[in-house]
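Undergrad: structure, please.
(2 chains)
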Amino acid sequence: MHIVDRRLNPSGKNLANRQRFMRRAKSLIRKAVHESSASRSIKDADQAGEVALPAQGVHEPSFHRSASGGMRDHLLPGNKQYIEGDTIPRPQGGAGGGGSEGSPDGDGQDDFRFALSRDEFVDLFLEDLELPDLAKRRVVDTESVSWHRAGYSITGSPANLALLRTVRNSLSRRIALKRPKPDELQRLRDEIAALSPDGEDLARRAELEEELERKLRRTGLIPYIDPLDVRYRKFEPQPKPVAQAVMFCLMDVSGSMTEHMKDLAKRFYVLLYIFLKRRYKHVDVVFIRHTHQAQEVDEDTFFHSPETGGTVVSTALEEMQRVIDERYSPDSWNIYAAQASDGDNTASDNDKTASLLVNGILPVCQYYAYLEVGRDSEHFPPGFIRRDSDLWQTYTAICKTGAPMAMRKVGHRRDIYPVFRELFAKKQATTGAETA
Amino acid sequence: MNDFGGGIRAERPLFEGADWEFGTIQRVHDAIEKIAVGELGLDVYPNQIEIIGTEQMLDAYSSIGMPLFYKHWSFGKHFARNEAMYRAGMQGLAYEIVINSNPCISYIMEENTATMQTLVIAHAAFGHNHFFKNNYVFKQWTDADGILDYLEFARGYIAHCEERYGEAQVERLLDAAHALMSHGVHRYPRRRVADLRSEEQRAKERRVHDEQVFNDLWRTVPSKGAEKEDKSLDERRRALLQLPQENVLYFLEKTAPRLQPWQREILRIVRMIAQYFYPQSQTKLMNEGCATYTHYRIMNRLHEKGQLTDGNMVEFLRSHTNVVFQPDFDDPRYSGINPYALGYAMMRDIERICTEPTAEDQNWFPDIAGAADPMAVLREVWANYRDESFILQYLSPRLIREFGLFHVLDDANEPNLSVEAIHDERGYRKIQRALARQYDIAWSLPDIQVVDVNLAGDRRLILHHRALNRVLLEERDARFVLQHLADLWGYDVLMKEIDPGTDSVLKEHAATPRGGILQPDGS
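TA: Next up is the predicted model:
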């Protein structure tokens, strides 16, 4: 008999099969990923997880008998009451006598649950979006800087004194200029002291004393440390992106916003979140909903809690301004905002909204995206020219000034990705010229 | 157990506690071998025991238990599903997988306790091993010496094809072949193609025979005319194509007009592997019964000899009882008849009939009732039966009563189900027959045959499904498979579902090959 220990064999033998399966089921998995991301909360959107694939998509067919019709025999154990000739009412749901036989290949028709790693999930999710490219090209680095060492300079503050380098310079200078060393002086003094005070060494003594004198003078003339020697550590500023960002989700939750619209908005927020997540180490999300008044809420309330009231957009901007002032200093945070609305606004509020945006919000924002959500099947008879909404008109004017702002209209789920891509596919510098 | 007389607890226990190491495995194997070969008279292939971890077990699951296999997405799918189920705790893993090869490879899980390893070795490395080596179905259909080499070849060949013709091409071919896998086996031993020498011999014998029976009078008998000639031509054509042919993959491999040689070879590989597994599906009940009975005997014997401590014995009994548990039909846990339970019960029952026969047994099983050596009877049974014939022969009335088996007929034309037979004098035979039929693979797999093709004409392939008891094929799947079949064949395919009673056509499916799916030049 042989005993073979296979535990140490390389693992992942099945990787090739898994990849083949993923490739095979790619479109299904992608669809499942998008569907599952809709049901996830925004913050979990890029976590690893299971997706359910419809079993049919990766089905392996075979010839087998159908589960109903014809004449079937069942042989069952555990008879307690039946005798030959009894009739049993047909149980609901097909197979007889409680003996569910299952389909012959043992293959249920349930959805097939498939666990994806986080990377696999995000890759599939972003595949459509080509986000990595997007990230490289689009978002401008922020102004914040970090200081890096950049060699030595001859000026600087005492705190940055480069001691070692200074002393090394002084040493070389002293050697070059032949500044007498202390032990050299000491030896001269010792020699003078050793000479007898009598006359015969007088000449020698005078010679030595003169030399000592000369050396001492030289010592005095050549300083131990000269300002020439002094070096300072030099730092140079390097711009770096702030590693944290905050994303403001603003949404009109007044009665005119339907579930469909909210769903569109949510999808957009999810995309933005994942996009920012790729770019920044830390992303905060702030949800601000508004009717005629605005408040900061948690995600669940944001999407699901019903609310009634008028529509005053400026309240949301005021609230955002307040939150920024309180918690998110523009110096240390990248601020992004995405606003979703059906475009309604109280007419008297438009000017206030515009001025808030231009003076308060836009200067501190990296990017401000406005998404006007419409009804799913919105179409108009030919010849009917649709009037732009109040908010749309207001924002169009601001966009023209070249502010870091973009706006799009979305009517259907399938438009979300293209619109998102468009929004982020523009260079910030030319943003303003664009209108939808 | 008192079957073995007064065993004396002379030996030291093989191990204590739950831990094991390679020395333990070796000791356990040797002790078991002594009992299995020496006392039970089993005849086994040399054993190779391989210790594997969870992932490797999942791996083995996904490739039908084989240690090396070609690559295909469906294995990845099975792996993912098994893994998900396992991680979610919905499914435990088997303690062992055993491969019908020479040497016989048993995979055992590293997590098993020492007792479980003992059980697993007794069960797989001796029970299944003996069955593989001795049962006639395995002897007839599988080549235990060659299977590992063949799989190695298959994997290499398919990898080579992927490199040469592209993964997509090979994948589509394998998809189609897998769909037809269940109809890629020979059910009956084929006529051996005669070699030249025996052909010559036969020709000679025929001539001698002709000369012996020659009578000039036959020449004067008028012939039957041209009509018959025509029909025999048709027949001849079919005979040349070996039609009707139930091995669809074989037929395609040999006859499909547009396949490339490498495609034929891959069909052959899939077919060979299907054929290799064919005996296993016919002998599941017996195979498990044999292995379970063997491990039960061996474990008891080990305990008797003092090689297994009482604690370990209790652990074994607990797991054994779980394995042979048969829930009743109205139990929520019921999911068909447990082959371990029924198989084990039948083996024990045969042992009982040999040693303590009742009058009923004398009546039903005169051949074996009171036989001196139950092991000899069992070995004989294990060698010469498959599930169907085994049940027909050895399912005793006593066992039918014990299991409370009853037969329910579900006729879609009737409003109610009817109980046809129960465990009484009138029912025993009926139940035997009905149960045996459930284990007959010819009943459980739809009977599909290639019946005709006109190679000279439109080359349309015609298949018949003889719809037993008017149960039709599941339509969606049938359509998918037929599509694959059409792709392989390269021309139209027509499948007729036929009521075998009346020969009337119940339903027809047709498929047209998709251009460029398998044949590069389209159609």
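Undergrad: in chain A, what residue is nearest chain B?
TA: A:G78 (2.5 Å; CB to the nearest CB). Yep, even glycine has a C-beta here, placed from its N, CA and C like the rest.
Undergrad: for A:D86, list the residues it contacts.
TA: Taking CB atoms under 8 Å, 6 or more residues apart in numbering or on different chains as the criterion, A:D86 is in contact with B:418-419.
Undergrad: meant to ask about B:S198, not that
TA: B:S198 is in contact with no residue at all, counting by CB under 8 Å, 6+ apart.
Undergrad: again with A:H59
TA: Counting by CB under 8 Å, 6+ apart, A:H59 touches B:477, B:480.
Undergrad: how far away is it from B:E474?
TA: To B:E474, A:H59 is 12 Å away according to CB to CB, to the nearest Å.
Undergrad: equivalent analysis for A:L171, please.
TA: A:L171 is 94 Å from B:E474, where distance means CB to CB.
Undergrad: who has more neighbours, the two?
TA: Using other CB atoms under 10 Å in any protein chain shown, the more surrounded residue of A:L171 and B:E474 is B:E474, with 22 against 14.
Undergrad: hang on, the earlier thing: assumed the residue of chain A closest to chain B was part of a strand.
TA: No - counting by DSSP: H, G, I helix; E, B strand; the rest coil, A:G78 falls outside a strand, being coil.
Undergrad: excluding its backbone neighbours, what's nearest it?
TA: Of all residues not flanking A:G78 in the chain, B:D328 sits nearest, at 2.5 Å (CB to CB, 6 or more residues apart in numbering or on different chains).
Undergrad: which secondary structure state does that neighbour sit in?
TA: coil.
Undergrad: residue of the stretch 301-450 of chain B closest to chain A, please.
TA: For the stretch 301-450 of chain B, CB to the nearest CB, closest residue to chain A: B:D328, 2.5 Å.
Undergrad: how about that residue, what does it touch?
TA: Contact analysis of B:D328 by CB under 8 Å, 6+ apart lists A:77-78, A:80, B:334, B:404.
Undergrad: restricted to buried residues, select those in PyMOL.
TA: Filtering those down to the buried ones (16 or more other CB atoms under 10 Å in any protein chain shown) takes a single PyMOL command:
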select buried, (chain A and resi 77+78) or (chain B and resi 334+404)
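Undergrad: out of the contacts of B:D328, what pair is the most spread apart?
TA: Comparing all pairs in those by CB to CB, the longest separation belongs to A:K80 and B:Y334, at 13.4 Å.
Undergrad: quick check: the residue of the stretch 301-450 of chain B closest to chain A vs B:I35, distance?
TA: 35 Å.
Undergrad: what about stretch A:172-183, start to end distance?
TA: One end of stretch A:172-183 to the other measures 18 Å (CA to CA, to the nearest Å).
Undergrad: what comes up buried for it?
TA: Using 16+ other CB under 10 Å as the test for burial, stretch A:172-183 gives A:173-174, A:179-180.
Undergrad: contacts for that stretch?
TA: In contact with stretch A:172-183 (CB under 8 Å, 6+ apart) are residues A:215-216, A:218-219, A:222, A:224, A:226, A:228-229.
Undergrad: filter those residues down to the buried ones.
TA: Applying 16+ other CB under 10 Å to those flags A:215, A:219, A:229 as buried.
Undergrad: I figured the last one hits A:T166, correct?
TA: To tie it back to what came earlier, the one meant is A:D229. Yes - with contact defined as CB atoms under 8 Å, A:D229 counts as touching A:T166 (5.3 Å).
Undergrad: quick check, A:I3 in a strand?
TA: Yes - applying three-state DSSP, one finds A:I3 inside a strand.
Undergrad: what are the bridge partners for it, then?
TA: B:I49 (DSSP bridges).
Undergrad: okay, it: pLDDT?
TA: On pLDDT, A:I3 comes in at 85.
Undergrad: contact partners for it?
TA: By CB under 8 Å, 6+ apart, the residues touching A:I3 are B:22, B:25-26, B:48-51.
Undergrad: so where's the stretch 1-150 of chain A uncertain?
TA: For the stretch 1-150 of chain A, residues meeting the criterion pLDDT under 70 lie at A:11-12, A:31-57, A:92-145.
Undergrad: before we move on, what about the stretch 201-350 of chain A?
TA: Looking at the stretch 201-350 of chain A by pLDDT under 70, you get A:239-243, A:278-281.
Undergrad: hmm, 90 instead?
TA: A:201-209, A:211-212, A:219-220, A:225-228, A:235-350 (pLDDT under 90).
Undergrad: can you give me the strands in the stretch 51-200 of chain A?
TA: Remark: strands assigned in the stretch 51-200 of chain A by DSSP state E, counting those that start in this stretch are A:71-76, A:87-89, A:112-116, A:145-153.
Undergrad: B:Y188 and chain A, how far apart?
TA: 19 Å (CB to the nearest CB, to the nearest Å).
Undergrad: sec struct for that residue, please.
TA: From three-state DSSP, the assignment for B:Y188 is coil.
Undergrad: how close does it get to B:I391?
TA: 21 Å.
Undergrad: the two: which is more packed in?
TA: B:I391 (25 against 7).
Undergrad: model confidence score at the more buried one, please.
TA: B:I391 is given a pLDDT of 92.
Undergrad: look at the residue lying closest to it once chain neighbours are set aside and tell me its secondary structure.
TA: The shortest distance from B:I391 to any residue other than its chain neighbours is 4.2 Å, reached at B:A436 (CB to CB, 6+ apart). Assigned by three-state DSSP, the conformation of B:A436 is helix.
Undergrad: test my guess that B:A436 contacts B:R386.
TA: No - counting by CB under 8 Å, B:A436 does not reach B:R386; the two are 10.1 Å apart.
Undergrad: if you count surrounding residues, which of these two has more?
TA: B:R386 (22 against 19).
Undergrad: nearest spatial neighbour of that one, skipping sequence neighbours?
TA: Spatial nearest neighbour of B:R386, excluding adjacent residues (CB to CB, 6+ apart): B:Q282 at 4.7 Å.
Undergrad: now do that neighbour, the pLDDT please.
TA: At B:Q282, pLDDT is 86.
Undergrad: circling back to that earlier point, who are the contact partners of the residue of chain A closest to chain B?
TA: Listed by CB under 8 Å, 6+ apart, the contact set of A:G78 reads B:326-331, B:334, B:403-404.
Undergrad: try 7 Å this time
TA: By CB atoms under 7 Å, 6 or more residues apart in numbering or on different chains, the contact list for A:G78 reads B:328-330, B:404.
Undergrad: any buried residues in stretch B:402-419, and which?
TA: Buried-residue list, stretch B:402-419, by 16+ other CB under 10 Å: B:403-411, B:417-419.
Undergrad: so which of those residues comes closest to A:A403?
TA: B:D410 (73.9 Å).
Undergrad: so is the closest one in a helix, a strand, or just coil?
TA: Applying three-state DSSP: B:D410 is strand.
Undergrad: quickly list what it is bridged to.
TA: Taking DSSP bridges as the rule, B:D410 bridges to A:R72.
Undergrad: near chain A, which residues of the stretch 201-350 of chain B?
TA: Remark: the part of the stretch 201-350 of chain B in contact with chain A comprises B:326, B:328-330, B:334, B:336-337, using CB under 7 Å from any CB of the partner chain.
Undergrad: now which of those residues would you call buried?
TA: Of these, these count as buried by 16+ other CB under 10 Å: B:326, B:329, B:334, B:336-337.
Undergrad: many thanks, have a good one.
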